[in-house]
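Q: Okay, predicted coordinates and the sequence, questions at the end:
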Amino acid sequence: MMATWIQGPAATFIEVSREGWNKGVSILHFLGGSSIDVEGTRAIAQTKMTISQRAEIDGVACDIVCTGRFYDFFEKRDDCWAIVLRQPIYEKDRLDPIDPGAVLKLDADLLAEFPEGYRHLAYAQTKIGFTVKRDMPMLKGSAVKLLYDDGAAWLAGKPLSR
């Protein structure tokens, strides 16, 4: 699992997610439509998704919403399809105080440090103590082009380059 705040095997992602939940971290995912390209025992699935995170930022309770796609590398092993790698593509996001009357002043310099596709999500995650990966694929750019190239290579039978 590749995410802004953790990159590693599924078991590690599940463990760290549980630890975060027990500490009050609230992150939910909504999944939408999917398209899947299949070549033999391999597939690439793209699924629309929205990440919703609630966090307190400088004393103000906020909701952060990030829209994008999960780009999943699948392989059929022993008659069972399974995800080999999940890479989110972050397209756009926003941050809103839960109380519409609350005043939230973001640190403009810190906010500007993060990539546009997940800028507010990264800001919030950094404020609550996560170290955020800053070169994730977004709607445009070299990282998403590399991901698409990796997907084409995967479907052609080549090993993952990650």
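A: Cool, got the structure. Residues are numbered from 1 along each chain as shown.

Q: all helices for this structure, in order.
A: Ranges of helices within the chain are 10-22, 108-112, 119-127, 142-155, based on DSSP state H.

Q: So what does the spatially most distant residue from the centre of the chain have for phi and psi?
A: What lies farthest from the middle of the chain is Gly101; by CA atoms, centre = their mean that is 29.5 Å. Main-chain dihedrals, Gly101, degrees, to the nearest 10: phi -90, psi -10.

Q: what about stretch 123-132, start to end distance?
A: Its start and end residues considered, stretch 123-132 measures 9 Å (CA to CA, to the nearest Å).

Q: what does the average pLDDT come to for it?
A: Mean per-residue pLDDT for stretch 123-132: 85.

Q: Going forward, the N-terminal residue is numbered 293.
A: Sure, I'll start counting at 293 from here, so that last one is stretch 415-424.

Q: What are the buried residues along it?
A: 415-419, 422, 424 (16 or more other CB atoms under 10 Å). Yep, even glycine has a C-beta here, placed from its N, CA and C like the rest.

Q: so of the helices of the chain, which one's packed in deepest?
A: helix 411-419 (a mean of 22; mean count of other CB atoms under 10 Å).
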